[in-house]
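Visitor: Need the 3D shape of this:
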Amino acid sequence: MNSGGFGMKPGIIILREGTDTSQGRPQLISNINACQAVADTVRTTLGPRGMDKLVFDGRKVTISNDGATIMKLLEIAHPAARTLVDISASQDSEVGDGTTSVVLLAGEMLRQLKPFVEEGVHPQIIIRWLRAASKLAVERVSNMAVSFDMNADEGKKMLLKCASTALNSKLISSHQDLFSPMIVSAVMSMVGVESDHIDSSNSAGDLKSYVAVKKIPGGDVRQSFLVNGGVAFKKTFSYAGFEQMTKKFSDPKILLLNVELELKSEKENAEVRITDPQQYQSIVDAEWDIIYNKLDCCVKSGAQIVLSRLPVGDLATQYFADRGLFCAGRVEGGDLKRVARATGASMQTTTSNLHDGILGTCGIFEERQVGDERFNVFEACPVRKTATIVLRGGSEQFIAESERSIHDALMVVMRSIKSGSVVAGGGAVEMEVSRYLRDHALGIKGKGQLMVTAMARALEIIPRQLSDNAGFDSTDVLSALRKRHAMGDDEGKWYGVDINDGGICDTFSRGVWEPSLNKCNSIAAAAEAACVILSIDETVTNPRSQDPGAQNTGMIGGGQGGPMTNMMGNAMNTANSGGARTGQLGPGVSYMKGRGG
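Guide: Next up, the predicted model:
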């Protein structure tokens, strides 16, 4: 008995019944194991010899080796492992490439640091030294980066090599000679080319709003083409009279509208009261006068091409065809914005007061047959801020993967222009940074030396996996790389995995280049994700209620007249059924008959 006269303290329940809580060292190790399992899923997709994954979600089949796409399609349920999905998506939006590398790095960092957790080292000590090692690694990559002048021919050749490196591990790697020049030309159109000088200040714009990728199933992939400095989009829904239009113009004036050019039907609840049948005819005539006034304004503006985001009806189509104009309605908003950027036209929400200042122009406009589709193509535009890549291919899955590959390469080239520097690929950077961290760790006293060394070992996962995926002996390759980088000369720092012949080679001289921003972002994001995982000491999983309208327990009836708790509900059911209305009606619930009860 308690000498103070008090009984046992009642248990305090603050979580919903059925809530799962896990904490302590076992929970941390469990999170690390989950992240390693996720990293193992995409491990074999790394590099030029990486394998593809086929993901079927019950409706759609996706074949890809893009890390961000696979991670998104896997629908990972583990709450801690979803951190790797987030960093993969972040890498994809920031750089476009290296989405698999960042997941592998994060998983390997956790794998190398797991023994310290098991031996009882406090996670905060591990996190502190992991962040310090990450900072050193990013600084080393920045110091290794080779700058280049984009205004020189050498800079443009370097962009071509960066695009080819990004396409090396993609499904269309055998067509680099076709797509690499396309990608570089498209990005250079986006960032602005004047007098052969590139303005890289515009490279941070939204990629999709400047460069469009259109997919047309059928044909050979070599039939893909680029509309440089122009716009191309599929023919929209058309009415009778469309085939009578002029389909090719030289130096046309272009009018962009957000106006509906067709007769509108009356609303269901519209009511018009007339006293004379002639009044009804005047209402009909007024509707026709309105649409004809709009069409007359478009023709008088001098425009030869009229594009609208809203429908262009059969009356307007025939009206424009009779007067030698071309029109298209229901044009997608993104395509209209690209036309506006390329031609200098301004979007109009009315047909009143149209003047030459709001009209755009281009060198050549024509409707072109591409496969089974017809495309409206604007070429030789004066502003030249946009581009369109039209992809061909035999299957839908192939074209979809080609589009993802093109997007990654576009992002890589754009970030190369922004950073203005490149480093060698093929695992050379990771091996050099690993050597640098090992040397730096020798000057650290205490546990920090072991943590930094573990980070150095984790970076070797990139060349090791590249070797494994290519079918080489990774032990021999890594031994040769360690020996070559340990020499400490400037030439040795660029040695990486020779994917073609096995062994090692100078990947920088081979033209395997990546933007330095890619490597810096990969290492920093992977280390930050590992720190997030290591900082979690408890996971609380709230159960989903079977009743969609149920509220959290702790308040009778949910506080808002909602369903009562099971305990209170059982008690009230007993009382309402005519049973005893005083005393204990349920565990911990008393009911007393009141006045009038």
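
Visitor: Every contact and neighbour count from this point should use C-alpha atoms.
Guide: Noted.

Visitor: Can you show me the strands along the stretch 301-450 of the chain?
Guide: Secondary structure of the stretch 301-450 of the chain by DSSP state E, counting those that start in this stretch: the strands cover 305-308, 326-328, 347-348, 360-361, 364-370, 373-379, 387-393, 421-424.

Visitor: Can I get those in CSV including distance to residue 43?
Guide: Output for these, formatted as CSV (distance: least, CA to CA, whole Å):
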stretch, distance to residue 43
strand 305-308, 48
strand 326-328, 48
strand 347-348, 48
strand 360-361, 50
strand 364-370, 39
strand 373-379, 39
strand 387-393, 28
strand 421-424, 21
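
Visitor: okay if I get the ones you listed as a markdown table plus mean pLDDT and distance to residue 264?
Guide: Output for the strands of the stretch 301-450 of the chain, formatted as a markdown table (pLDDT from 0 to 100; distance: least, CA to CA, whole Å):
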| stretch | mean pLDDT | distance to residue 264 |
| --- | --- | --- |
| strand 305-308 | 93 | 16 |
| strand 326-328 | 92 | 18 |
| strand 347-348 | 91 | 19 |
| strand 360-361 | 92 | 28 |
| strand 364-370 | 89 | 29 |
| strand 373-379 | 89 | 27 |
| strand 387-393 | 89 | 35 |
| strand 421-424 | 88 | 57 |
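
Visitor: Adding mean neighbour count and distance to residue 249, write those strands out as JSON lines.
Guide: Conversion of those to JSON lines gives the following (neighbours: other CA atoms under 10 Å; distance: least, CA to CA, whole Å):
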{"stretch": "strand 305-308", "mean neighbour count": "23", "distance to residue 249": "9"}
{"stretch": "strand 326-328", "mean neighbour count": "22", "distance to residue 249": "9"}
{"stretch": "strand 347-348", "mean neighbour count": "18", "distance to residue 249": "21"}
{"stretch": "strand 360-361", "mean neighbour count": "26", "distance to residue 249": "10"}
{"stretch": "strand 364-370", "mean neighbour count": "17", "distance to residue 249": "5"}
{"stretch": "strand 373-379", "mean neighbour count": "19", "distance to residue 249": "10"}
{"stretch": "strand 387-393", "mean neighbour count": "24", "distance to residue 249": "19"}
{"stretch": "strand 421-424", "mean neighbour count": "26", "distance to residue 249": "43"}
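
Visitor: Run through this protein and note the low-pLDDT ranges.
Guide: 1-23, 192-206, 265-270, 542-597 (pLDDT under 70).

Visitor: Out of the strands of the stretch 301-450 of the chain, which gets nearest to residue 64?
Guide: strand 387-393 (15.3 Å; CA to CA).

Visitor: Report the separation between the residue positioned nearest the centre of the chain and residue 521.
Guide: Residue closest to the mean C-alpha point of the chain, counted by CA atoms, centre = their mean, is residue 93 at 4.9 Å. Here the criterion is CA to CA, to the nearest Å. By it, residue 93 lies 11 Å from residue 521.

Visitor: Same check on residue 261?
Guide: 50 Å.

Visitor: Comparing these two, which residue is more hemmed in?
Guide: Neighbour count, other CA atoms under 10 Å: between residue 261 and residue 521, residue 261 has more, with 23 against 18.

Visitor: what's the closest non-adjacent residue to the more buried one?
Guide: Distances taken as CA to CA, 6 or more residues apart in numbering place residue 312 nearest to residue 261, at 4.7 Å, with adjacent residues excluded.

Visitor: Pull the number of nearby residues for the one you found.
Guide: 23.

Visitor: Check residue 315 too.
Guide: The burial count assigned to residue 315 is 18, neighbours taken as other CA under 10 Å.

Visitor: in the stretch 101-250 of the chain, which spans are strands?
Guide: 146-147, 193-194, 197-198, 211-217, 225-228, 231-234, 248-250.

Visitor: How far does the fourth one sit from its chain's centre?
Guide: Right, strand 211-217. 17 Å (CA atoms, centre = their mean, to the nearest Å).

Visitor: Could you spell out the sheet neighbours of it, each with its direction?
Guide: Strand 211-217 has the following strand partners under DSSP bridges: strand 387-393 (parallel).

Visitor: Could you check how far the strand it pairs with is from the centre of its chain?
Guide: So, by CA atoms, centre = their mean, the centroid of strand 387-393 is 20 Å from its chain's centroid.

Visitor: Would you mind getting the angle between it and strand 373-379?
Guide: Put simply, strand 387-393 runs at 150 degrees to strand 373-379, going by axes from the mean of the first three to the mean of the last three CA atoms, to 10 degrees.

Visitor: what residues does strand 387-393 touch?
Guide: 182, 186, 189-190, 210-232, 399, 402-403 (CA atoms under 8 Å, 6 or more residues apart in numbering).

Visitor: Quick one, which of those are buried?
Guide: 182, 186, 189-190, 210-219, 221, 224, 226-232, 399, 402-403 (16 or more other CA atoms under 10 Å).

Visitor: which residues in the stretch 1-150 of the chain form helices?
Guide: 25-42, 67-74, 82-94, 99-118, 123-144 (DSSP state H, counting those that start in this stretch).

Visitor: Repeat that for the stretch 401-550 of the chain.
Guide: 428-441, 448-459, 461-470, 474-486, 516-534.

Visitor: closest one to residue 60 among those?
Guide: Comparing the helices of the stretch 401-550 of the chain by CA to CA, helix 461-470 comes nearest, at 27.3 Å.

Visitor: tilt between the closest one and helix 474-486?
Guide: Using the same axes, to 10 degrees: helix 461-470 against helix 474-486 is 140 degrees.

Visitor: Show the secondary-structure elements that helix 461-470 is packed against.
Guide: Other elements packing on helix 461-470 under the criterion 3 or more CA pairs under 8 Å, 6 or more residues apart in numbering; DSSP states H and E are helix 99-118, helix 428-441, helix 474-486, strand 495-497.

Visitor: Turn the ones you listed into CSV, columns for mean neighbour count.
Guide: Output for the helices and strands packed on helix 461-470, formatted as CSV (neighbours: other CA atoms under 10 Å):
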stretch, mean neighbour count
helix 99-118, 24
helix 428-441, 23
helix 474-486, 17
strand 495-497, 28
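
Visitor: Nearest to residue 133, out of these?
Guide: Among these, helix 428-441 comes nearest to residue 133, with 7.3 Å by CA to CA.

Visitor: want to try JSON lines for the helices of the stretch 1-150 of the chain, with distance to residue 385 as columns?
Guide: Below are those laid out as JSON lines (distance: least, CA to CA, whole Å):
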{"stretch": "helix 25-42", "distance to residue 385": "37"}
{"stretch": "helix 67-74", "distance to residue 385": "28"}
{"stretch": "helix 82-94", "distance to residue 385": "21"}
{"stretch": "helix 99-118", "distance to residue 385": "28"}
{"stretch": "helix 123-144", "distance to residue 385": "31"}
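
Visitor: And these: which comes nearest residue 514?
Guide: helix 123-144 (11.7 Å).

Visitor: Packing partners of that closest one?
Guide: Using 3+ CA pairs under 8 Å, 6+ apart: helix 123-144 touches helix 428-441, helix 448-459, helix 516-534.

Visitor: Which one of those helices lies nearest to residue 53?
Guide: helix 516-534 (22.0 Å).

Visitor: Flag every buried residue along the closest one.
Guide: For helix 516-534, using 16+ other CA under 10 Å, the buried residues are 516-531, 533-534.

Visitor: now the angle between helix 82-94 and it, please.
Guide: Interaxial angle, helix 516-534 versus helix 82-94 (the same axes, to 10 degrees): 160 degrees.
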